[in-house]
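Trainee: Quick one, structure for this:
(one chain, ligands or ions: 2)
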Amino acid sequence: MTALFEDLVIAEHPLYEKIIGDLLSQQYSIIDNFFDVNEVSQLRDSILLKHEEDAFKKAAIGNRVNETVEKAIRGDVILWIDETFINTAETLFFNKINALISYLNRTCFLGILTKEFHYAIYPKGTYYKRHLDTFQNDDRRKLSFVCYLNDENWTTENGGELVIYTNENGVEVEKTIYPFPGRVVIFESQILEHEVKPVNTKRLSITGWLKTR
Ligand SMILES: O=C(O)CCC(=O)C(=O)O
Ligand SMILES: [Fe+2]
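Mentor: Ligands and ions are numbered 1, 2, ... in the order given. Predicted structure coming up:
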């Protein structure tokens, strides 16, 4: 017979603990191979299939209520993912996301209650100018989450770097992050400005937000 309390002990999860530590110390975390090669490949098939089906629309500035297409600021096309109607690849995606959220909620009292995710494709020549993810008057966005779905041959020459602007002792510091496949970047939505540099080759990702209500 096992004692009841044994079931209640929360096993420490080293990867999630690293993410939490990074967020506390530098307000962002970069996790390589959050999704493995096989998972990325399934998600890439999914994004490309949906793109073929022409389900994407021009990315709009603002939230779904206030959509104004502004090409000068961002050039990606997006497709929101409806979690009540997901395919196999999206199921494995949300299984991992939900596990992370539940760990964050159990250990950090972040109070993440809702989430929203979309696919994003940046065609050659497009970019997303420096911005804060809460500029859409959405102060419920707590953590921004980006996952890159590019293929194994992605090189730094392809551009499309995510640049995060941090403040170190009053000095602005640029952190350049390449969109390598399987890599996930999580950062504080309300604090860190960031941008996507112009891409030289079609760039694939899923972007989302963990929200407090
Ligand atoms: O794709 C990225 O690296 C960042 C995208 C982004 O900043 C956004 O969609 O708000
Ligand atoms: Fe952003």
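
Trainee: When you work out contacts or count neighbours from here on, use the C-alpha atoms and nothing else.
Mentor: Will do.

Trainee: Give the bridge partners for S144, please.
Mentor: Applying DSSP bridges to S144 gives these bridge partners: F187, W209.

Trainee: ok, the closest residue to ligand 1 within the chain - how many residues close by?
Mentor: Distance from ligand 1 to each residue of the chain (CA to the nearest ligand atom) is smallest for L162, at 4.5 Å. For L162, the neighbour count with other CA atoms under 10 Å is 22.

Trainee: and it, what pLDDT?
Mentor: Looking at L162, its pLDDT reads 98.

Trainee: Find me whatever residue is spatially closest to it, sequence neighbours aside.
Mentor: Nearest-residue entry for L162: V196, 4.7 Å, with adjacent residues in sequence omitted and distances by CA to CA, 6 or more residues apart in numbering.

Trainee: who's in contact with that neighbour?
Mentor: V196 makes contact with Y127, Y128, K129, R130, G160, E161, L162, V163 under the criterion CA atoms under 8 Å, 6 or more residues apart in numbering.

Trainee: what are the bridge partners for it, then?
Mentor: Under the criterion used (DSSP bridges), V196 bridges to Y128, L162.

Trainee: What of E116?
Mentor: Applying DSSP bridges, one finds that E116 bridges with W209.

Trainee: what's near enough to touch it?
Mentor: With contact taken as CA under 8 Å, 6+ apart, E116 is in contact with W80, I81, G208, W209, L210.
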